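>>> coordinates only, sequence not included:
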């Protein structure tokens, strides 16, 4: 077998039904020699062909990617790929045809099934009729493909699905994430997508998901992003979901009773010819585009609660549900019971809201859930606990529940607790979110985690803020909260967050609160503020609160707080004091315990060891002689260096102090020391 200019007679990929086509090989020859079911792998580079590539058997033909493999032709009036067999897949390459007259990228004959075209970039240009793909009376799937057709002297069309008098089957073509741009001559048409039928017996169905159709030419015949037409009976069906259509004359053009149905589509110029159905009366609140599904705001007589819950019920684990722009007003929990991505049209564009008490707007009881790009708000004034997002159920450990770019808010004067984001024995992440509560008369919590299970749970929060307010009541408010009641730890980590809690009605406002021996609340580069205490480590059953490079606005805390981390800054100005806590040490000094350490010497010789120095750090060691008896002496580590290489003799007088200062040089692994003697 030949690989470019290298011949290897020992390797025959064809034995595994995988055949490599070298850049100087004839694709047609390899197709002729292949067996149905084989895969032909095209090399990186450009294959220049002078005649059509005839795919006459079930094959997979794949390149190295649209930017790596190109099949090009400059011969007039040929099809670059001419498909005459079912179960053909062409993928991962670019197709270019610049013939002087009519040119066509991919053409199929009638009555084929199982055709797949994906990850393609097709560019067709010339003076004749230029088409990207023509699917004749066959069934095909087209994915992740860009098609551009330009004609200087005739028509231009990107994807044409046809049935003619020779067709014996109904043609169905599904397009996912396909971009089509057509530009024909001034006197001819330009069409992004067309469904065309001149066969009385059979139908054409074109389903478009997340596609773009453009037909732009000034003057001449019909220029449209989407066209439906037939010369006999009206048997063309088009369904478009989350698509964009842009036509010089009409965004969507239809004739007769071939009425397209569009769901959540953008008509750039808002121009249509004929009748358009806007898809408001489906039966299942769910429009399927492989694993991407659109959830409308309205669906016949269904309530919006039913629309959302039906969408989740009808979805398959791993699906993505796309919520429309606008507001879904619900009256019961939205129960997320399987692994899904639920995506709105933007944080402030899609809103899920309620004024009903005791609602969990999103009640998540599954692992591997992503909720993103929406607002979740509650304006109820009831007397029951309510939640915007509730993740977990307290009895099963759910993991990887992630919330991204979501705004949560409570605005009603509830007389019970309001919880913006609450993880109950579950793990996950919160990113780029913001939560707000105002006018409530009872408890308000921004982000919280509790764990009642034996297994540990961790929630990581990034680049988010939580502002909680309560004007009256007797229950505390919390910006961030973590509690633990069982064997498994509960850890809430916040990174680059702002947390604020203000209870002005007699109760307490805490920016952060932890309770339980294995409850961990950890802040990294955060700002925390509470009108009662910035942080409260509950004294009866204290948790663990640690600050890394974070700011307490009021510098008020309850309980023990850990302060860790390294402050890195070009210039540092401090109002007030900076100090290092003095640590009482032994002869084994660990500098992680403090930059200032103290020890009373024994009446004998002692050998010191040092551990964990930082390059450039300054350390101070205070040594006190014993109150009576012989003086203490010290043998220093070999990494300690003294001026003039002379080891100092400590003051031998009882109860006197010597202060030794070291600067550590990590390059030379040396402590450079000086001594101040004989303090009383």
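That came through fine. None of the values given here were measured: they were computed from a predicted structure.

>>> mind listing the strands for the stretch 51-200 of the chain?
Using DSSP state E, counting those that start in this stretch, the strands of the stretch 51-200 of the chain run over 53-55, 60-62, 69-73, 79-83, 89-97, 103-108, 115-126, 130-136, 140-151, 156-163, 171-183, 190-197.

>>> out of those strands, deepest packed?
Across the strands of the stretch 51-200 of the chain, the average number of neighbours (mean count of other CB atoms under 10 Å) peaks for strand 190-197, which reaches a mean of 30. Quick note: C-beta positions are derived from backbone N, CA and C, even for glycine.

>>> now the helix or strand that comes right after that strand: average pLDDT?
Using DSSP states H and E, the helix or strand that follows strand 190-197 in sequence is strand 204-209. What strand 204-209 shows for mean pLDDT is 93.

>>> distance to residue 677 and mean pLDDT for the strands of the stretch 51-200 of the chain - can I get that in CSV?
Formatted as CSV, those follow (distance: least, CB to CB, whole Å; pLDDT from 0 to 100):
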stretch, distance to residue 677, mean pLDDT
strand 53-55, 93, 96
strand 60-62, 81, 96
strand 69-73, 80, 94
strand 79-83, 92, 94
strand 89-97, 78, 95
strand 103-108, 90, 93
strand 115-126, 78, 94
strand 130-136, 90, 94
strand 140-151, 78, 93
strand 156-163, 90, 94
strand 171-183, 79, 93
strand 190-197, 89, 94
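
>>> dump these to TSV, plus distance to residue 347.
What follows is these, written out as TSV (distance: least, CB to CB, whole Å):
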stretch	distance to residue 347
strand 53-55	47
strand 60-62	39
strand 69-73	40
strand 79-83	44
strand 89-97	35
strand 103-108	40
strand 115-126	31
strand 130-136	37
strand 140-151	27
strand 156-163	34
strand 171-183	24
strand 190-197	31
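
>>> out of these, which is closest to residue 527?
Residue 527 lies closest to strand 171-183 among the strands of the stretch 51-200 of the chain, at 41.4 Å (CB to CB).

>>> direction included, what does the closest one pair against?
Using DSSP bridges, the strands paired with strand 171-183 are strand 140-151 (parallel), strand 204-209 (parallel), strand 212-215 (parallel).

>>> who wins for proximity to residue 396 among the ones you listed?
Closest of these to residue 396 is strand 204-209, at 34.4 Å (criterion: CB to CB).

>>> how far does that closest one sit from its chain's centre?
Distance of strand 204-209 from the chain centroid (CA atoms, centre = their mean, to the nearest Å) equals 29 Å.

>>> so residue 211 makes contact with residue 174?
No: counting by CB atoms under 8 Å, residue 211 does not reach residue 174; the two are 10.3 Å apart.

>>> who touches both of the two?
Between them, residue 211 and residue 174 share no contacting residue under CB atoms under 8 Å, 6 or more residues apart in numbering.

>>> check contacts around residue 37.
Here residue 37 is in contact with 17, 58-59 (CB under 8 Å, 6+ apart).

>>> can you tell me the element it falls in?
Using DSSP H and E, no helix or strand contains residue 37.

>>> can you read off the pLDDT for the residue nearest to residue 530 when sequence neighbours are not counted?
With sequence-adjacent residues excluded and distances taken as CB to CB, 6 or more residues apart in numbering, residue 530 is closest to residue 511, at 4.0 Å. Residue 511 is assigned 95 on the pLDDT scale.

>>> what does residue 304 give?
For residue 304, pLDDT reads 95.

>>> which helix or strand contains the closest residue to it other than its chain neighbours?
Nearest residue to residue 304 in three dimensions, chain neighbours excluded: residue 328, at 4.5 Å (CB to CB, 6+ apart). Element membership for residue 328 (DSSP H and E) is strand 326-329.

>>> just the helices in the stretch 301-450 of the chain please.
Counting by DSSP state H, counting those that start in this stretch, the stretch 301-450 of the chain has helices at residues 304-314.

>>> what about it, any weak spots by pLDDT?
Scanning the stretch 301-450 of the chain for pLDDT under 70 picks out 381-383, 414-415, 439-441.

>>> for it, which segments count as strands?
Under DSSP E, counting those that start in this stretch, the stretch 301-450 of the chain gives strands at 320-323, 326-329, 334-336, 341-343, 350-354, 360-364, 369-378, 386-391, 398-410, 418-424, 426-431, 434-440, 444-451.

>>> relative to helix 304-314, how tilted is the fifth one?
When you say that, I think you mean strand 350-354. 110 degrees (axes from the mean of the first three to the mean of the last three CA atoms, to 10 degrees).

>>> strands paired with strand 350-354, and their directions?
The sheet places strand 350-354 alongside strand 326-329 (parallel), strand 369-378 (parallel), with pairing taken from DSSP bridges.

>>> hey, which of these is tucked in deepest?
strand 369-378 (a mean of 23).

>>> how far is it from where the chain is centred?
The answer for strand 369-378 is 13 Å, by CA atoms, centre = their mean.

>>> helix, strand, or coil at residue 631?
coil (DSSP: H, G, I helix; E, B strand; the rest coil).

>>> list the contacts of it.
By CB under 8 Å, 6+ apart, the neighbours of residue 631 are 601, 603, 625, 650-654.

>>> phi and psi next, for it.
phi -70, psi 150 (degrees, to the nearest 10).

>>> do the one 3 residues further on as well
Backbone torsions for residue 634, taken as degrees, to the nearest 10, come to phi -130, psi 130.

>>> so what sits opposite it in the bridge?
Residues in beta-bridge contact with residue 634 (DSSP bridges): residue 606.

>>> please parse this structure into its domains.
2-273, 317-564, 582-679 (automatic domain parsing).

>>> which residue is nearest the middle of the protein?
The centroid of the chain falls nearest to residue 404 when counting by CA atoms, centre = their mean (7.4 Å).

>>> that one contacts residue 428, doesn't it?
No: look at residue 404 against residue 428 with CB under 8 Å: they stay out of range, at 10.3 Å.

>>> surely residue 254 meets residue 274?
Yes: using CB under 8 Å, residue 254 makes contact with residue 274 at a distance of 4.1 Å.

>>> which one's more surrounded, the two?
Here residue 254 and residue 274 are compared on neighbour count by other CB atoms under 10 Å; more neighbours surround residue 254, at 24 against 15.

>>> now do the contacts for that one.
Counted by CB under 8 Å, 6+ apart, residue 254 has contacts 227-229, 260, 272-276.

>>> what bridges to it?
Going by DSSP bridges, residue 254 forms beta bridges with residue 228.

>>> and the pLDDT for it?
At residue 254, pLDDT is 88.

>>> from residue 367, how far off is it?
Distance from residue 254 to residue 367, counting by CB to CB, to the nearest Å: 45 Å.

>>> and stretch 168-188, how far out from the chain middle?
Distance, centroid of stretch 168-188 to centroid of chain: 31 Å (CA atoms, centre = their mean).

>>> let me redo that: stretch 122-135
With CA atoms, centre = their mean, you get 37 Å for stretch 122-135.

>>> need the distance between the two termini of it.
End-to-end distance for stretch 122-135: 15 Å, by CA to CA, to the nearest Å.

>>> for residue 338, which non-adjacent residue is closest in space?
Among residues not flanking residue 338 along the chain, residue 317 sits closest, at 4.6 Å (CB to CB, 6+ apart).

>>> quick revisit: who wins for most neighbours among the contacts of residue 37?
residue 59 (24 neighbours).

>>> so who does residue 262 touch?
Per CB under 8 Å, 6+ apart, neighbours of residue 262: 239-241, 243, 252, 276-279.
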